[in-house]
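>>> just the structure for this:
(2 chains)
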Amino acid sequence: MKPSRSSALLKRLKLGRRAVIAFPLVWLTLFFLLPFALVLKISLSEAAIAIPPYGPLLEYADQTLHVFLNLGNYLFLLSDSLYIAAYWGSVKTAFIATVACLLIGYPMAYAMARAPARWQLLLLLLVMLPSWTSFLIRVYVWMGILSNSGLINNLLIGIGLIDSPLRMMNTQFAVTIGIVYAYLPFMVLPLYAHLTRMDNSLLEAAADLGSRKINTFIKVTLPLSMGGIIAGSMLVFIPAVGEFVIPELLGGPDTLMIGKVLWEEFFLNRDWPVASALAMVMLLLLLVPIVWFHRYQSKELAS
Amino acid sequence: MSSLRRINFSTVMLVLGLLFLYLPMFVLVVYSFNASKLVTVWAGFSTQWYGELFRDEQILSAVWTSLRIAFFAASMAVCLGTVAAFVMTRYGHFRGKTALSSMVTAPLVMPEVITGLSLLLLFVQMAQITGWPADRGMATIWIAHTTFCSAYVAVVVAARLREVDHSIEEAAMDLGSPPVKTFFSITLPIITPALAAGWLLAFTLSLDDLVIASFVSGPGANTLPMVVFSSVRMGVSPKINALATLIILIVSLATLLAWFFMRRNETKRKAALQDV
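Here you go, the predicted structure:
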């Protein structure tokens, strides 16, 4: 091959390589990264009665460029205790639900990883199947179970355990159980993936050396499945903090969550700048967990 | 003795956990056949709610809208996600790799209200500058769904690409096969099962999304979750129970089918290994 032809080929290869890289990079930059910059921009603008309902950030008049950076939306979030309460409520609820998912999900994943090989695929599909149906419907089903005239209350009154219905709907309890129910599969999946990859000979070695079962679990199994614990917990905690559907359908006035507040600011009050500021603060709050999850995930991708 | 020993704490938790996952769905299925309009009182067996479901024009047209969006979003997400996965696993270092890998994993955990709001602001801004999209609707939902679904596809496909023996592709290229041809005739056939799994996952995710679609949709396009949501907000409804039962039935059948094929492949592979 002549050098000129091969260098032309090399050039084409390089160009092709660049084009292949550019396709996902450009799409995601345009539709994932750029939108966040716009949220930041609009969180700094002033609400206005206009279409779209916010004022400009830059204005050119009388040969001067005016830049309006309105920090008012952020100060407003700080001044109204409703928002701080909503952030706190979200983090608290998401945390409790994540711990509950971990306590239920870990033994489930452990049993699945220890099950006979021919059972494992079936068990995995059984755990994942609910998450493929419909999120909305899996939240909705608890409305019928927890309400005052719902299944649990009817049952308890029927067997004479209680006289008047327990109030379970529109409570913190209902929201937490909704999150645990909806997100449990996402906790079990990464835990199972880690536990099933674990080298069994390590456990045998520990047992041979006389380690007690509980000791082996704490010193060997738990540290080796730490990656799964982190991934599962982040997969539950981060989306749960921003959850809208569950507090909307199962929560009540005393279960403030930030996702619902943001939704109402946007759709009911049509205050886009405040909704954007709420989103920015939520993102800031979730930055550490998201980076943590990303670092774990890229380690997984690299290995 | 060994079967007795297996009954331990974690097995009990697994059974209880599965009961926790399935009992509520079972209740839903049973009550979808309830004759009473009061969902909590049993008044005999009836299939009338299924009849009403199929006469509900609004729900039927929403199903059609959702299916179309999900089909196109899943197809585009498979293209985008596969290229992203290929670039991340097969290309060494390149400028923007960190950015790409962050943008691929972040949508997996990003709260939906943030994604929805940010995309809406983008579409509004784009309409101001370029005049497109003048109306938000199916096209904007398609873009939004493609974007977040491609992240899931990328993770599924990347997992498969890492398992696959790299040396076959390298051998083909050493023998003079151009990269594009190598990709289509070697890599693609090997990762087809992962592409199918990724497509199905993206399809169900798109069908299921309420929050993002609500933000980026316009007055014209109502997806199924949007219609269901506005109905269940008012309270429990037997028609929705019937719809839920059908969804559970379809997903269960599809899963059963997938399980059957995966098991058959496993048996085949074992048999092939034994022959060797």
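>>> who's in contact with stretch A:247-254?
Residues outside stretch A:247-254 that contact it (C-beta atoms under 8 Å, 6 or more residues apart in numbering or on different chains) are A:139-140, A:142-143, A:146, A:169-172, A:174-175, A:177-178, A:255-257, A:259-260, A:263, B:232-233. (C-beta placed from N, C-alpha, C; glycine too.)
>>> repeat that for stretch B:41-61.
Stretch B:41-61 has contacts (C-beta under 8 Å, 6+ apart) with B:32-36, B:222, B:224, B:227-228, B:238-239, B:241-243, B:246.
>>> how about B:N222, nearest residue that isn't a chain neighbour?
Excluding the flanking residues, the one nearest B:N222 by C-beta to C-beta, 6 or more residues apart in numbering or on different chains is B:A62, at 5.2 Å.
>>> so which of the contacts of stretch B:41-61 is the closest to chain A?
Of all these, chain A sits closest to B:V228, with 5.6 Å by C-beta to the nearest C-beta.
>>> next, the buried residues of the helix or strand harbouring the residue nearest to B:N222.
B:A62 is located in helix B:57-90, with elements delineated by DSSP states H and E. Residues of helix B:57-90 classed as buried: B:59, B:62-63, B:65-66, B:69-74, B:76-90 (neighbour count, 16 or more other C-beta atoms under 10 Å in any protein chain shown).
>>> next, give phi and psi for residue 135.
I went with chain A, as the question did not name one. Dihedral pair for A:F135: phi -60, psi -50, per degrees, to the nearest 10.
>>> um, chain B though
Per degrees, to the nearest 10, the backbone of B:D135 is at phi -120, psi 140.
>>> the spatially closest residue to it that is not a sequence neighbour: neighbour count?
Excluding the flanking residues, the one nearest B:D135 by C-beta to C-beta, 6+ apart is B:G218, at 5.1 Å. B:G218: 16 surrounding residues under other C-beta atoms under 10 Å in any protein chain shown.
>>> and what about B:G218, helix, strand or coil?
Taken by DSSP: H, G, I helix; E, B strand; the rest coil, the conformation at B:G218 corresponds to coil.
>>> my guess is it contacts B:A134. True?
No - the pair B:G218 / B:A134 is not scored as a contact, 9.5 Å apart, by C-beta atoms under 8 Å.
>>> where does pLDDT dip in the chain?
Defaulting to chain A. A:1-5, A:301-303 (pLDDT under 70).
>>> let's do chain B instead
Those would be B:1-7, B:39-40, B:276, if you go by pLDDT under 70 across chain B.
>>> let's verify B:A242: helix, strand, or coil?
helix.
>>> returning to that earlier point: measure the residue nearest to B:N222 to B:G220 for me?
12 Å (C-beta to C-beta, to the nearest Å).
>>> OK, contacts around the closest residue to chain B within the stretch 151-300 of chain A?
Among the residues of the stretch 151-300 of chain A, A:G242 lies closest to chain B, at 2.3 Å counting by C-beta to the nearest C-beta. By C-beta under 8 Å, 6+ apart, the residues touching A:G242 are A:90, A:258-259, A:262, A:282, A:286, B:111-114.
>>> mind checking which of the residues you listed are in helices?
Among these, the ones falling in helices (DSSP state H) are A:90, A:258-259, A:262, A:282, A:286, B:112-114.
>>> mind checking which of these are buried?
For those, buried by 16+ other C-beta under 10 Å: A:90, A:258-259, A:262, A:282, A:286, B:112-114.
>>> let me know the closest of the residues you listed to B:L18.
B:E112 (27.2 Å; C-beta to C-beta).
>>> can I have the buried ones of the contacts of stretch A:247-254 as a ChimeraX selection?
To isolate the buried members of those in ChimeraX, using 16+ other C-beta under 10 Å:
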select /A:139,140,142,143,146,169,170,171,172,174,175,177,178,255,256,257,259,260,263 /B:232
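>>> select from the contacts of stretch A:247-254 every entry located in helices.
Among those, the members falling in helices (DSSP H) are A:139-140, A:142-143, A:146, A:172, A:174-175, A:177-178, A:259-260, A:263, B:232.
>>> with distance to A:P56 added, can I get the residues you listed in TSV?
Formatted as TSV, these follow (distance: C-beta to C-beta, whole Å):
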residue	distance to A:P56
A:V139	40
A:Y140	42
A:W142	45
A:M143	44
A:L146	48
A:Q172	42
A:A174	43
A:V175	39
A:I177	46
A:G178	41
A:G259	29
A:K260	30
A:W263	26
B:V232	40
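>>> nearest to B:L121, of those?
Distances from B:L121 to the ones in helices among the contacts of stretch A:247-254, taken as C-beta to C-beta, are shortest for A:W263 (14.8 Å).
>>> between helix B:57-90 and the helix or strand hosting B:K239, find me the angle.
Assigning secondary structure by DSSP H and E places B:K239 in helix B:238-275. Angle, helix B:238-275 to helix B:57-90, by axes from the mean of the first three to the mean of the last three C-alpha atoms, to 10 degrees: 30 degrees.
>>> helices or strands up against helix B:238-275?
For helix B:238-275, the packing partners by 3 or more C-beta pairs under 8 Å, 6 or more residues apart in numbering or on different chains; DSSP states H and E come out as helix A:117-132, helix A:135-146, helix B:9-31, helix B:48-55, helix B:224-232.
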